[in-house]
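Trainee: A structural model of the following input is requested.
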Amino acid sequence: MTVFKNCNIVFPEKIAFGYVIIEDGLITEVGLGDSPYEGIDFNGDYLVPGYIDIHIHGAMGSSFNLGDLEGCQKAADYHFSHGTTTMLMGVEGGLEMLEEHLPCERFPENVAGIFMEGPFISPERPGAIDPNFIKPADPQAFEDFLKKYANQIKYIAIAPEIPMAKELIKIAVKYGLKVSAGHTVASIEQLFDGMTWGISSTCHTFNGMPPLHHRSPGVVGGALLYDELFTEIICDGIHIHPDVVKLLFKVKPHDKVIAITDSVALNGVPDGTYGRRMVRGKLITLTNGITIAGSSLTMDQAVKNMASWGIELSKVIRSATSNPAKALGLSDRGTIALGLRADLLRLNKKLDIKDIYLEGIKV
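Mentor: Residues are numbered from 1 along each chain as shown. Below is the predicted model of the structure:
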């Protein structure tokens, strides 16, 4: 039995002083006030769930190339060291390209599955995705693909306006995938249709889609309007103005905002040009110097950013923990509650990570 006492426990709705007991990797007791047991004294530090990042592509020079398991481990370890105890490995490419390395032999310990960003997205909004990776819809090939690999794939971005999007989305949902609307020029009406087919979120909201217009609300308008939609948001202060992030928190239900990093392989490497992309400080762009090409963000920094912008801490932590868990259907983690996994972080008052626990074990 492990006891954490004198903690400021961050719950989805509030922060409360108390203690937590862990046994066999699970939370077996959560109490408020002073602990009746001896244990590890947090001295008022925050106890929060481990961060969950559902949209992330790599770090430290390594992308989640499924053919390079060592590189996958390196990138996953980097984000684990920044508090991400659960994540999806974000991949791009056509079905045939992905199939060359599926099923994945092993996932890093903090990886819960794969996120496919495409290939069924709009060629009008590729962002930093290689246009060669964008493929026409092929529902039968997609179903054949998922018959074999759906147990490893958890999440996919599809543009709801492309031909046969309805068939693609329904197939994805049939095999248990969660679907986001991403890299899209869909109207708000097309987004609503996509929701009736199974879309449950918007991919890096405000990015990879036309901006809000009062006569053409588009996906941004739908993301703000429809309470049932989860909304991913990149909180690096570069992709989106901090006040727009605050607006989203103000408009959306508190259980529907999802902090993501959209971190790419160039996160953590020196300034320079690397193939199609270039790094200048915290900014990563295509070599045109204009198109933002992923981020150099980590989830601990995203949390600090949101808190520094004046967003209530319990809402900030919720967006990085219980909300993404709910969006993916991960009912065994994301909140400090009885019977859930003891994936936990100890944070000081500056929100720096002091300790990381995976299933109750300090790492």
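Trainee: if you go through this protein in chain order, where are the helices?
Mentor: Assigned by DSSP state H, the chain shows helices spanning 69-80, 95-99, 139-149, 165-174, 188-197, 218-225, 242-251, 299-308, 313-320, 322-328.
Trainee: Would you mind saying which of those lies nearest residue 155?
Mentor: Across the helices of the chain, residue 155 has its closest neighbour in helix 322-328 (6.6 Å, Cβ to Cβ). (Glycine included, C-beta is placed from N, CA and C.)
Trainee: how distant is the closest one from the center of its chain?
Mentor: 9 Å (Cα atoms, centre = their mean, to the nearest Å).
Trainee: repeat for stretch 93-108
Mentor: Here stretch 93-108 is found 20 Å from its chain centre; the criterion is Cα atoms, centre = their mean.
Trainee: buried set for it?
Mentor: For stretch 93-108, burial by neighbour count (16 or more other Cβ atoms under 10 Å) applies to 93-95, 97-99, 102, 104, 107-108.
Trainee: Adding pLDDT, write the residues you listed out as JSON lines.
Mentor: Below are the buried residues of stretch 93-108 laid out as JSON lines (pLDDT from 0 to 100):
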{"residue": "93", "pLDDT": "92"}
{"residue": "94", "pLDDT": "93"}
{"residue": "95", "pLDDT": "96"}
{"residue": "97", "pLDDT": "93"}
{"residue": "98", "pLDDT": "95"}
{"residue": "99", "pLDDT": "95"}
{"residue": "102", "pLDDT": "96"}
{"residue": "104", "pLDDT": "94"}
{"residue": "107", "pLDDT": "96"}
{"residue": "108", "pLDDT": "96"}
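Trainee: Can you give me every residue that contacts the most centrally placed residue in the chain?
Mentor: Central residue of the chain (Cα atoms, centre = their mean): residue 54, 2.6 Å from the mean position. Residues in contact with residue 54 (Cβ atoms under 8 Å, 6 or more residues apart in numbering) are 87-88, 115, 155, 232, 258, 260, 324, 327-328.
Trainee: Show the backbone phi and psi for residue 238.
Mentor: Dihedral angles of residue 238 (phi, psi; degrees, to the nearest 10) stand at phi -110, psi -50.
Trainee: Using CSV, please lay out the helices of the chain together with distance to residue 344.
Mentor: As requested, those are exported to CSV (distance: least, Cβ to Cβ, whole Å):
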stretch, distance to residue 344
helix 69-80, 13
helix 95-99, 33
helix 139-149, 31
helix 165-174, 32
helix 188-197, 34
helix 218-225, 31
helix 242-251, 24
helix 299-308, 14
helix 313-320, 12
helix 322-328, 13
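Trainee: Which members of the contacts of residue 54 are positioned in strands?
Mentor: Of those, the ones assigned to strands by DSSP state E are 87-88, 115, 155, 232, 258, 260.
Trainee: among those, which ones are buried?
Mentor: Judged by 16+ other Cβ under 10 Å, buried ones among these: 87-88, 115, 155, 232, 258, 260.
Trainee: Which one of the residues you listed is nearest to residue 30?
Mentor: Nearest member of those to residue 30, counting by Cβ to Cβ, is residue 258, at 24.0 Å.
Trainee: so where's the stretch 151-300 of the chain uncertain?
Mentor: Along the stretch 151-300 of the chain, no part satisfies pLDDT under 70.
Trainee: Now do the residue of the chain positioned farthest from its centre against residue 15, distance only.
Mentor: What lies farthest from the middle of the chain is residue 36; by Cα atoms, centre = their mean that is 37.0 Å. Per Cβ to Cβ, to the nearest Å, residue 36 is found 21 Å from residue 15.
Trainee: Check residue 321 too.
Mentor: 13 Å.
Trainee: Repeat that for residue 87.
Mentor: Distance from residue 87 to residue 15, by Cβ to Cβ: 25 Å.
Trainee: and what of residue 313?
Mentor: 7 Å.
Trainee: Equivalent analysis for residue 257, please.
Mentor: Residue 257 is 18 Å from residue 15, by Cβ to Cβ.
Trainee: Between those two, which has more neighbouring residues?
Mentor: residue 257 (26 against 17; other Cβ atoms under 10 Å).
Trainee: Go ahead and confirm that one touches residue 319.
Mentor: Yes - when contacts are counted by Cβ atoms under 8 Å, residue 257 is listed as touching residue 319 (4.6 Å).
Trainee: Check the contact lists of the two and give me the overlap.
Mentor: Common neighbours of residue 257 and residue 319 (Cβ under 8 Å, 6+ apart) are 233, 249.
Trainee: so who does residue 17 touch?
Mentor: 6-9, 32-33, 44.
Trainee: Name only those of those residues that count as buried.
Mentor: 6-9.
Trainee: Surely residue 11 touches residue 315?
Mentor: No - assessed by Cβ under 8 Å, residue 11 is found out of contact with residue 315, at 11.3 Å.
Trainee: returning to what we had before: tell me the one among the contacts of residue 17 nearest to residue 240.
Mentor: residue 8 (28.7 Å).
Trainee: What's the separation between that closest one and residue 311?
Mentor: 17 Å.
Trainee: what do you get for residue 249?
Mentor: For residue 249 relative to residue 311 (Cβ to Cβ), the value is 5 Å.
Trainee: Appreciated, that's everything.
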